[in-house]
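Colleague: after the sequence you'll find the predicted model.
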Amino acid sequence: MTPDQVRAFFTHHRTVRKYQEFVIPDDHLEVMLYAAQHAPSDATAQMYSLIRITDSLLRGKIAEISHNPHIASASEAFIICADLHRLKQLLEHKGFVYGNIPAVGLHFALGDAVMAGQNLLIAAEMLGYAGCWIGGILSSLPTLADLLELPSGVVPFAGLTIGLSDENPVQRPRLARSSVIHHNSYAELDSTALELALQDMAPISRSGDWSQTLSRYFAVGGSMETREVQMVEYLAQHSFGHVRNLDTLFAQAEAAGMSEVLLRRKLASSVIEAWVDAGHLAFRGEDESATLALEQAIGTIAPL
Ligand SMILES: Cc1cc2nc3c(=O)[nH]c(=O)nc-3n(C[C@H](O)[C@H](O)[C@H](O)COP(=O)(O)O)c2cc1C
């Protein structure tokens, strides 16, 4: 392909939410899945799973809980998941113990999931289809996880619908290149550049003020705060361990009837000692991480 052809391909991209009634031929679907499976992957570990939703009843339920009706009407609908479950199974199958890597595992698994999903979307667009990523599935994460019977270690990233477009959306703007591409070191935007960025993106919001749109999602009181609570809870249960912070652990110690938490590190040593104390009873944990030490101490009171 020439640079002009590549540019034309990406200029043509539109997220589409209204689809024609159409059954995607098997060979097209096959090559989309081939593209997904040939995405780059950290350590080639392929820490992702794509769940293809073919049951129309299930499609309807997911469309409803995610407030994205096209999940029901698109030719294809997938839930793109980070998947550490299979990796853990593979290790355990050969007698290894899965590492204490909740943050790193999740980081790379989400990366793998995004790359596989985006490869699928690009392949679909190359064939003349369009699609839509759907973060809306996170609005009801526990319900979704139940519907899909997700095991521990599988974390949905987003949905993805694919089909033949039945609408002509305008091209969505993007930030100026100078706002997102840095050279050799991170270049902070000054207030003039921030204003320009808001102007560049103004057409995307009905009010003409992109900061209003962003704030509805990401500012204090925005919709992402609801998702945050569910996600933290979900990760605590599903990502093999402790995406817990000290505040959460203090609250947990209190809930277990403890009256005091003590974290201590001898300066010459890298080991942190954690004590949780109920006056007449004390529990101890020890680790190089304060969070893990405290978790250990709390774990001896009641299973985490
Ligand atoms: C991770 C992710 C989640 C998204 N979630 C939704 C969604 O829940 N509903 C929706 O209609 N569009 C969703 N989108 C689509 C974006 O709104 C769209 O990509 C963006 O407005 C840019 O438009 P364009 O893709 O047409 O250039 C999502 C996109 C991404 C990458």
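Modeller: Nice, thanks for sending it over. Given the structure is predicted, the values throughout are model-derived calculations rather than measurements. Numbers count the residues shown, from 1 in each chain.
Colleague: and Gln37, how many neighbours?
Modeller: Gln37 is surrounded by 14 other residues when neighbours are defined as other CB atoms under 10 Å. Yep, even glycine has a C-beta here, placed from its N, CA and C like the rest.
Colleague: grab the nearest non-local neighbour of it.
Modeller: With CB to CB, 6 or more residues apart in numbering as the measure, Ala116 is the residue that lies nearest to Gln37, at 7.0 Å, once sequence neighbours are left out.
Colleague: give me every residue that touches the one you found.
Modeller: Residues touching Ala116, when contacts are defined by CB atoms under 8 Å, 6 or more residues apart in numbering, comprise 36-37, 39, 41, 46, 48, 50, 80.
Colleague: hmm, 6 Å instead?
Modeller: Residues touching Ala116, when contacts are defined by CB atoms under 6 Å, 6 or more residues apart in numbering, comprise 36, 39, 48.
Colleague: need those residues in a markdown table (columns: pLDDT).
Modeller: Formatted as a markdown table, the contacts of Ala116 follow (pLDDT from 0 to 100):
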| residue | pLDDT |
| --- | --- |
| Ala36 | 99 |
| Ala39 | 98 |
| Tyr48 | 98 |
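Colleague: count the residues that sit near whatever residue of the stretch 201-304 of the chain ends up closest to the ligand.
Modeller: In the stretch 201-304 of the chain, the residue that lies nearest the ligand is Ile204 (7.0 Å; CB to the nearest ligand atom). The number of residues packed near Ile204 is 14, by other CB under 10 Å.
Colleague: does the longest helix anywhere in the chain reach the ligand?
Modeller: For the chain, the helix reaching the highest residue count under DSSP state H is reported as helix 102-126. No: counting by CB under 6 Å from any ligand atom, the ligand has no neighbours in helix 102-126; the shortest distance is 7.9 Å.
Colleague: buried residues, that helix. List them.
Modeller: Buried residues in helix 102-126, counted by 16 or more other CB atoms under 10 Å: 102, 105-106, 108-125.
Colleague: if we can go back for a sec, if you rank the contacts of Ala116 by neighbours, which is first?
Modeller: Neighbour counts for the contacts of Ala116 were taken using other CB under 10 Å; the highest belongs to Tyr48, with 28 neighbours.
Colleague: up against the ligand, what does the stretch 1-150 of the chain have?
Modeller: Going by CB under 6 Å from any ligand atom, the residues of the stretch 1-150 of the chain near the ligand are 13-15, 17, 68, 132-136.
Colleague: sort out for me which of these are in strands.
Modeller: Counting by DSSP state E, the part of those found in strands is 132-134.
Colleague: right, and Ile53 touches Ala77 too?
Modeller: Yes: the criterion here is CB atoms under 6 Å, and Ile53 meets it with Ala77 at 4.6 Å.
Colleague: between the two, which contacts overlap?
Modeller: Common neighbours of Ile53 and Ala77 are listed as Arg59 (criterion: CB under 6 Å, 6+ apart).
Colleague: that older thread, where neighbours are concerned, which of the ones in strands among the residues of the stretch 1-150 of the chain next to the ligand has the most?
Modeller: Compared across those, Ile134 has the highest neighbour count, 26 neighbours, by other CB under 10 Å.
Colleague: report pLDDT for that one.
Modeller: At Ile134 the predicted local distance difference test score is 98.
Colleague: show me the contacts for it.
Modeller: Ile134 touches 66, 68, 158-159, counting by CB under 6 Å, 6+ apart.
Colleague: bridged to it, which residues?
Modeller: On the basis of DSSP bridges, Ile134 is bridged to Gly159.
Colleague: just Gly163 next, same as before
Modeller: Beta-bridge partners for Gly163, by DSSP bridges, are Ala130.
Colleague: where exactly do the helices run in this structure?
Modeller: Assigned by DSSP H, the helices in the chain fall at 3-11, 26-37, 56-66, 70-73, 85-93, 102-126, 141-148, 177-180, 191-201, 210-218, 223-238, 246-255, 290-299.
Colleague: report the buried residues of the lowest-mean-pLDDT helix or strand in the chain.
Modeller: Comparing helices and strands within the chain by mean pLDDT, DSSP states H and E singles out helix 246-255 as the least confident, with a mean of 83. Within helix 246-255, the residues scored as buried using 16+ other CB under 10 Å are 248-249, 252-253.
Colleague: which elements pack onto it?
Modeller: Taking 3 or more CB pairs under 6 Å, 6 or more residues apart in numbering; DSSP states H and E as the contact definition, the neighbouring helices and strands of helix 246-255 are helix 290-299.
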